[in-house]
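Novice: What shape does this take:
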Amino acid sequence: MLIDSNNLKDIDVAILAGGLGTRVQEILGDTPKILAPIGGVPFLDYILSGLARAKAAHVVLCLGHLAEKVKTYIDCSKTKIVKVTAVVEKSPLGTAGAIRLAAPLLLSETIMIMNGDTWLDIDLEKFVFEHKKSGAGISMICTEAKDCSQFGRVEVNSDGNVTRFVEKDTMFNGSALINGGFYLFERSAFDRLIMSTGPSLEHDFLATDLGTTIHAFVDRQAPFIDIGTPENLEAANDFFS
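Specialist: Residues are numbered from 1 along each chain as shown. As a prediction, this is how the structure comes out:
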């Protein structure tokens with residue numbers, strides 16, 4: 001596998017942004033979570049700016065709840081830094097289902113999938129390089145959370161491959177590796193995902209696909225934010241300041 005081009009220029013990016021955002025709905029009201037104002041700027045803008053720095057050329061937004069508001073924002077945005085296409089599910093399909101719906105627009109040989117309510121301050125071009133170097137069909141970014149009670153944990157072996165996904169345990173408050181919400185799929189692995197049937201990318205596909213290699217790109221120091229709770233939504237103002 002060639003490793004001479006390590007940016008996102010030739011990699012289609014799918015952003016999963018169709019969730020209901022129930023935990024922050026009281027704060028955001030009828031504002032979609034991906035448009036949550038962070039320091040007066042929609043969260044989506046931070047995501048697109050980060051992808052643009054890695055030279056992303058095409059982003060597919062997988063939308064559901066309050067999709068029309070997101071589409072209107074995209075159409076009216078004056079900062080066309082990345083080409084954005086929206087795909088809207090008519091009813092909740094889950095993360096894997098949303099990707100299947102968007103699949104006809106994801107045509108590159110390598111495809112990036114990412115969560116639309118998290119961000120990692122990380123070198124995405126290095127992520128692409130290490131993914132290609134590993135030869136794995138799937139890579140995912142892992143970072144370290146000092147308090148893991150909010151997150152599921154990821155176990156990685158000495159070869160740098162994921163061996164187990166551990167469900168969130170609110171009683172576990174130690175530090176551990178967590179899923180950073182960024183994935184790279186080679187076409188063969190992506191086709192397996194499309195042919196699978198479960199609704200969840202994480203639980204129904206990745207956690208059951210460990211017979212093949214899922215490479216872990218680990219950066220324990222990467223600053224990470226998840227805006228899915230009121231506390232984290234507030235903390236995002238400092239994260240991006």
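Novice: what about the helix or strand hosting K132, distance to the chain center?
Specialist: Assessed by DSSP states H and E, K132 sits inside helix 124-134. The chain centre lies 16 Å from the centre of helix 124-134; the measure is CA atoms, centre = their mean, to the nearest Å.
Novice: could you pull out the strands for this protein?
Specialist: Per DSSP state E, the chain has strands spanning 12-17, 37-38, 41-42, 58-63, 83-88, 110-115, 118-120, 138-145, 153-156, 162-166, 176-186, 214-218, 224-226. These are given in chain order.
Novice: What separation do you get for L105 and A189?
Specialist: 18 Å (CB to CB, to the nearest Å). All C-beta spots, glycine's among them, are computed from the backbone N, C-alpha and C.
Novice: And the two? Which one has more around it.
Specialist: Neighbours of L105 and A189, each counted by other CB atoms under 10 Å, are more numerous for A189; the result is 22 against 14.
Novice: quick one: contacts for the most centrally placed residue in the chain?
Specialist: If you average the C-alpha coordinates of the chain and look for the closest C-alpha using CA atoms, centre = their mean, you land on M114, 1.8 Å from that point. M114 makes contacts with 13-16, 47, 181-183, as judged by CB atoms under 8 Å, 6 or more residues apart in numbering.
Novice: Which strand residues bridge the closest residue to H131 other than its chain neighbours?
Specialist: Using CB to CB, 6 or more residues apart in numbering and skipping the chain neighbours, the partner closest in space to H131 is S139 (3.9 Å). Under the criterion DSSP bridges, S139 forms beta bridges with L184, H215.
Novice: if we can go back for a sec, tell me the one among the contacts of M114 nearest to T163.
Specialist: Proximity of the contacts of M114 to T163 was ranked by CB to CB; the top entry is Y183 with 16.7 Å.
Novice: give the contact list for that closest one.
Specialist: Y183 touches 112-114, 138-141, 201, 206, counting by CB under 8 Å, 6+ apart.
Novice: So what's the residue count around D121?
Specialist: Number of residues near D121 (other CB under 10 Å) recorded here: 14.
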